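[1] This is a predicted model, with the sequence first.
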Amino acid sequence: MARAATSQRKVLNTALAWAVGFLIFFPILWTILTSFKTEAQAIASPPIFLNFDWTLENYAVVQERSNYMRFLWNSIIIAGGSTILGTIIAIPAAWSMAFVPSKRTKDILLWMLSTKMLPAVGVLYPIYLLFIKMGLLDSRAGLVIVLMLINLPIIVWMLYTYFREIPGEILEAARMDGATLKDEILYVLTPMAIPGIASTLLLNFILAWNEAFWTLNLTAANAAPLTAFIASYSSPEGLFYAKLSAASTMAIAPILILGWFSQKQLVRGLTFGAVK
Amino acid sequence: MATQHSRSAARLMMAPAVILLLGWMLVPLTMTLFFSFKKYLPLRGDSMANGLEWVGFDNYVRFVSSSSFWPSIQATLIIVGGVLAITIVLGVLLAILLDQPMWGQGIVRILVIAPFFVMPTVSALVWKNMFMDPVNGLLAHLWRAFGAEPVQWLSQASLPSLIMIVSWQWLPFATLILLTAIQSLDSEQLEAAEMDGAPVLKRFWFIVLPHLSRAITIVILIQTIFLLALFAEIFVTTGGAFGTKTLSYLIFQRVLESQNVGLGSAGGVYAIILANIVAIFLMRIVGKNLDA
Amino acid sequence: MGRIVLDQVSKSFGEVEVIPPLDLTIEDGEFTVFVGPSGCGKSTLLRLIAGLEDSSGGHIRIDGADATNVPPAKRGLAMVFQSYALYPHMSVRKNIAFPLRMAKLDQVEIDRRVDGAAAVLNLGDYLDRRPGQLSGGQRQRVAIGRAIVREPAAFLFDEPLSNLDAALRVGMRLEISELHKRLQTTMVYVTHDQVEAMTMADKIVVLHAGRVEQVGSPLELYRAPRNTFVAGFIGSPKMNLLEGPEAAKHNARTIGTRPEHIAISETDGEWAGTVGVSEHLGSDTFFHVKCDAFPEPLTVRASGEMTVGYGAKVFLTPDPAHLHRFDEQGLRLE
């Protein structure tokens, strides 16, 4: 469309969109900036935006005082472990639904989704009790299991939508070529679905990383991931803005970067294929 | 279409996922249901081993008649409704804006989406301390700059503050989905309407909005399910004080803080029923889409 | 070796019977074509032979051994799919080698066979490419290569040419025929295109609604179609099937005459009519003639030199030696 008004409108759109984008992003930007300030500059009035003495001191203090690395490690184990475990369980299930559909496939898929909608608080005490009985309370293994179960429906669902895009004839060709079921999944389906599997892993890693009900309620000192670490800043450390900011930046930076890569898959993953 | 062999293989391969989820659903659900009919106060010595006293529907009645029940329903409705209204309205506007030709669209998209990836505890804490703190918060500075008295956000305007924080987190989600939906709108339809002489607002009202209606419904349903379960944001900011105790939070307090498991479980059953009502509508839409 | 016998084989999907019990023998080394309109069950029949679908009844024997419940990989058959079904993440070499790798052959033997197949199919220069970088014809050749290396008892082709453009299709048709002459292996080929069937087959199986309408060599089917369905399906343009008093004159419910067996004249003949649209192919011209005796226009082939304008009065005379007669059930009368 080549119209006279177009370029003028484009300038206007650009300015407006950038302004809105900046405004929405501002809390994150402000947190990152504050993390490099001294505590005094962090609460200076009027607020200082850029011309402060940049320092890394807060990061050192946060690590030293609260052992940031251990929380980070817990987050990685819990989010990574639950995602990988869930994917290993979900790939065969998604294969079945995508390539050997039956009358019940749709019902099973929807039922799986419905488990995702169970309000966590409704089953909090039973899980809490079971965890105590099984010695899983405040253990990374316990959280890996719970987060895996929570995200399993989304993982199955996402893989299912990706697998459905792979023509069944290719798997039949593999079968004709003498591939066993294991060969078929390992050498043909999985390599072909690598992009889909990668996006599934990515999105579910993010969801598990940010999960803040079970991670807060089922951990104490040992298995607490970053969500709990930040919650512990609630007070009185929260009044030390620079350190709070440094801790927050460290908790969200890895996932922000991953998240930007996964933005395209986000829609598919979170709407269960209902919006394309 | 497949052979008997592949069908039985399929059943076998589906089994682990199905059994795990079935267990995950049925075991705790049954326990919650069981506890909800019992007097169960672990701190007062009640335990499964000693046997629990059957109290019938007592817990259900007491949960509803407690003084915090109706305020919690009210808080839940205000928060869910407020966040939905804000994210949908702003989401539609933002999606339309982002769909326009501009420079650096990719970067703007990234900026807009970012809040969705921020851990709930982080966003709650950052908003609470660095923005809404009545002394040192950025908003307080802003108010003072205009000569106004800073607002005690989380105590005097607790619900609007919470709505603001949660809306900030969910706006990217709504925007992203609505943007995806807008991009699937056939631009020739809009051009045809323009040729027919429909002005911008009419085109929005009669073509864009109806096209978005399905996506909006989905955003409403999915967000509702997540918002009903809102936890970390309340936990970190107000801890349920100042009228921000939602139904979920009330149940959490009954179960873990005051350790009245029976009462909390009855509340849990209410929450499950509520979530299921919403879920049924979502399932219908998703299910229809599966057939297509 | 590759003799395939179907004995009362049937297939139902739930309540729907797609293929009623059916007997068929495919001889070793024969090029057999299953042809029929879409939805006639020809692909299902092929998939039953391949083992990709279970038969609902009957037995499938391959070289005398009962293969009814043998999984596809163990039947010793190779299949070329309509979409070629190449593995997009593997090079051409890996694609062709895949069945050998699955059979756990040693690498030296795999390389020998892959190179051999590549030489036969002119794929030598493309072995390190991915399928995505190949043209349609080349992909087709890779799919055939993957089938050849297994040295199967029989090749199954499921509409292999339908994704190619017209020019390429003719070329591939010749290549597959050539391959069959060279390998002398049984081939079962499914198509909806009767031209492919006529040009390639040793034996044609015409299918309609899951039933075998006729089995025979191309010329048998052309010369003596067993019923009106086969008569109308085999041959291009289609045979003119005519009913009414003119058919009754020949003691038949329906008479059939091919466009090439009708003489057209401007002066005299058996049926008077008016010329409608003419299609000039250069060598031949097809006239669509509306005769007074029949409601439907007739197609007539004439020499490319003949020119008769739209609306001209003409006379048609069917060649009595090539007149087909059919009874009330549509069956051929001798």
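    That came in fine, so what should we check first?

[2] Which residue ranges make up each domain of the chain?
    This is for chain A. A:6-57, A:67-232 (automatic domain parsing).

[3] hmm, I had chain C in mind actually
    The record's domain parsing of chain C by automatic domain parsing lists C:4-231, C:238-333.

[4] TSV for these, including mean neighbour count?
    In this view, the C-beta of every residue, glycine as well, is placed from N, C-alpha and C. As requested, those are exported to TSV (neighbours: other C-beta atoms under 10 Å in any protein chain shown):
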stretch	mean neighbour count
domain C:4-231	19
domain C:238-333	16
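
[5] Relative to chain A, which of those is closest?
    Distance to chain A, taken as C-beta to the nearest C-beta, is lowest for domain C:4-231 among the domains of chain C, at 3.7 Å.

[6] Compute the first-to-last residue distance for the closest one.
    End-to-end distance for domain C:4-231: 27 Å, by C-alpha to C-alpha, to the nearest Å.

[7] Now the residue nearest the centre of chain B: closest residue in space that isn't a chain neighbour?
    Nearest to the geometric centre of chain B sits B:L227, at 1.9 Å (C-alpha atoms, centre = their mean). Nearest residue to B:L227, sequence neighbours excluded (C-beta to C-beta, 6 or more residues apart in numbering or on different chains): B:V80, at 4.6 Å.

[8] Name the secondary structure element that contains residue 125.
    You didn't pick a chain, so chain A it is. Under the criterion of DSSP states H and E, A:Y125 resides in helix A:124-133.

[9] actually it's chain B I care about, not the one you picked
    helix B:120-126.

[10] And A:V146, by the same measure?
    Using DSSP H and E, the element containing A:V146 is helix A:140-163.

[11] Please point out which parts of that helix sit buried.
    For helix A:140-163, the neighbour count (16 or more other C-beta atoms under 10 Å in any protein chain shown) marks A:140, A:142-163 as buried.

[12] likewise stretch B:173-183?
    If you call a residue buried by 16+ other C-beta under 10 Å, then stretch B:173-183 has these buried ones: B:173-182.

[13] among those residues, which are in helices?
    Among the buried residues of stretch B:173-183, the ones falling in helices (DSSP state H) are B:173-182.

[14] touching chain A at all, stretch C:106-123?
    No. Stretch C:106-123 does not reach chain A (C-beta under 8 Å from any C-beta of the partner chain); its nearest approach is 12.9 Å.

[15] Contacts for that stretch, please.
    Applying C-beta atoms under 8 Å, 6 or more residues apart in numbering or on different chains, the contact partners of stretch C:106-123 are C:92-93, C:96-97, C:100-101, C:105, C:124, C:127, C:138, C:141-142, C:144-145, C:148-149, C:179, C:182.

[16] before we move on, the earlier item: for the ones in helices among the buried residues of stretch B:173-183, which one is nearest chain C?
    B:T180 (26.3 Å).

[17] what's the closest non-adjacent residue to the closest one?
    Spatial nearest neighbour of B:T180, chain neighbours left out: A:V267 (4.8 Å); criterion: C-beta to C-beta, 6+ apart.

[18] do A:W54 as well
    A:F36 (4.8 Å).

[19] The one you found contacts A:E57, correct?
    No. The criterion here is C-beta atoms under 8 Å, and A:F36 misses it with A:E57 at 9.0 Å.

[20] So which of the two has more stuff around it?
    The neighbour count for A:F36 versus A:E57, taken as other C-beta atoms under 10 Å in any protein chain shown, is higher for A:F36 (20 against 15).

[21] For the more buried one, give me its contacts.
    A:52, A:54-56, A:58, A:242.

[22] Any of the residues you listed buried? List them.
    Buried subset of those (neighbour count, 16+ other C-beta under 10 Å): A:52, A:58, A:242.

[23] show me the contacts for B:W70.
    Applying C-beta under 8 Å, 6+ apart, no residues contact B:W70.

[24] Distance check, it against B:A157.
    21 Å (C-beta to C-beta, to the nearest Å).

[25] Burial check on A:I77, number of neighbours?
    16.

[26] Next, it: secondary structure please.
    Recorded secondary structure, A:I77: helix (DSSP: H, G, I helix; E, B strand; the rest coil).

[27] tell me the contacts of the closest residue to it other than its chain neighbours?
    With C-beta to C-beta, 6+ apart as the criterion, A:I77 has its nearest non-adjacent residue at 5.2 Å, and that residue is A:R140. A:R140 sits next to A:74, A:77-78, A:81, A:222-223 when contact means C-beta under 8 Å, 6+ apart.

[28] Next, format the residues you listed as CSV and append pLDDT.
    Shown next, in CSV, are these (pLDDT from 0 to 100):
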residue, pLDDT
A:N74, 90
A:I77, 93
A:I78, 93
A:G81, 95
A:N222, 80
A:A223, 82
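
[29] pretty sure A:I154 is in contact with A:K116, am I right?
    Yes. Between A:I154 and A:K116 there is a contact under C-beta under 8 Å: 6.7 Å.

[30] sorry, back to before: residues of the host helix or strand of the residue nearest to B:T180 that come out buried?
    Taking DSSP H and E as the criterion, A:V267 maps to helix A:241-271. Buried residues in helix A:241-271, counted by 16+ other C-beta under 10 Å: A:241-252, A:254-256, A:259, A:262-263, A:265-271.

[31] Tell me if I'm right that C:R211 and C:P20 touch.
    Yes. Here C:R211 reaches C:P20: they are 6.1 Å apart, a contact under C-beta under 8 Å.

[32] Against A:I154, how distant is A:A98?
    For A:A98, the distance to A:I154 - C-beta to C-beta - is 16 Å.

[33] for B:P101, that is, sorry about that
    Distance of B:P101 to A:I154, computed by C-beta to C-beta: 34 Å.

[34] same question, A:L129
    Distance from A:L129 to A:I154, by C-beta to C-beta: 26 Å.

[35] on that earlier part again, which of the three states applies to the residue nearest to A:W54?
    coil.

[36] what about chain B, any weak spots by pLDDT?
    B:1-2, B:289-292 (pLDDT under 70).

[37] What are the contacting residues of the lowest-mean-pLDDT helix or strand in chain A?
    Lowest on mean pLDDT, DSSP states H and E among the helices and strands of chain A sits helix A:39-42, with a mean of 75. The contact list for helix A:39-42, computed with C-beta under 8 Å, 6+ apart, reads A:34, A:48, A:52-53, A:240-243, A:245.

[38] Please repeat the previous calculation with a cut-off of 6 Å.
    Outside helix A:39-42, the residues within contact range by C-beta atoms under 6 Å, 6 or more residues apart in numbering or on different chains are A:34, A:48, A:52, A:240-242.

[39] and what of stretch C:156-175?
    By C-beta under 6 Å, 6+ apart, stretch C:156-175 touches C:43, C:46, C:50, C:77, C:79-82, C:136-137, C:140, C:188-191.

[40] which SS state does the residue of chain C found nearest chain B fall under?
    For chain C and chain B, the shortest gap (C-beta to the nearest C-beta) falls at C:D54, measuring 4.6 Å. Following three-state DSSP, C:D54 is assigned to coil.

[41] For the stretch 101-250 of chain C, list the residues in contact with chain A, please.
    C:102-103 (C-beta under 6 Å from any C-beta of the partner chain).

[42] The stretch 101-250 of chain C: helices as residue ranges?
    Remark: helices assigned in the stretch 101-250 of chain C by DSSP state H, counting those that start in this stretch are C:107-120, C:136-148, C:166-183, C:194-200, C:218-223, C:228-233, C:245-249.
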